[in-house]
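[1] Build the 3D model from these lines:
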Amino acid sequence: MPKNEQNNEEDVDKPLSAYAKYSSIGFQMVAIIGIFTFAGYKIDEAGKHDVKWATAVLALVGVFIALFIVIRSVKN
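    Sure, this is the predicted structure:
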């Protein structure tokens, strides 16, 4: 295969690879935030809390962890 055709195929693969990488980041964020929020909900449910403080705190922790992972992934 001539060198020009190889370069064209590599150029086409790069956007697809980037798209797959960045779309998976969104799913990771949803999963992390969802897991932390669910854990907080279960803690509040088990403790029979009037104010759902554990849900709020763990949801925020999940958001910060998800943002940390996104920033780290984008830098690489």
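[2] Packing partners of the strand or helix carrying residue 20?
    Using DSSP states H and E, residue 20 falls within helix 3-47. Contacts defined by 3 or more CB pairs under 8 Å, 6 or more residues apart in numbering; DSSP states H and E place helix 3-47 against helix 53-75. In short, each C-beta sits where N, CA and C put it, glycine included.
[3] Give me the angle between the helix it packs on and helix 3-47.
    Put simply, helix 53-75 runs at 170 degrees to helix 3-47, going by axes from the mean of the first three to the mean of the last three CA atoms, to 10 degrees.
[4] that older thread, for the helix holding residue 20, what is the average pLDDT?
    Throughout helix 3-47, pLDDT has a mean value of 81.
[5] Mind checking what secondary structure residue 50 has?
    coil (DSSP: H, G, I helix; E, B strand; the rest coil).
[6] heads up, I number from 310, so please use that
    Yes, from this point I'll number from 310; that puts the last item at residue 359.
[7] ok, now which ones touch it?
    Going by CB atoms under 8 Å, 6 or more residues apart in numbering, residue 359 touches no other residue.
[8] what's the spacing between it and residue 348?
    19 Å (CB to CB, to the nearest Å).
[9] now swap in residue 325 and tell me
    35 Å.
[10] just residue 370 next, same as before
    Taking CB to CB, one finds residue 370 at 10 Å from residue 348.
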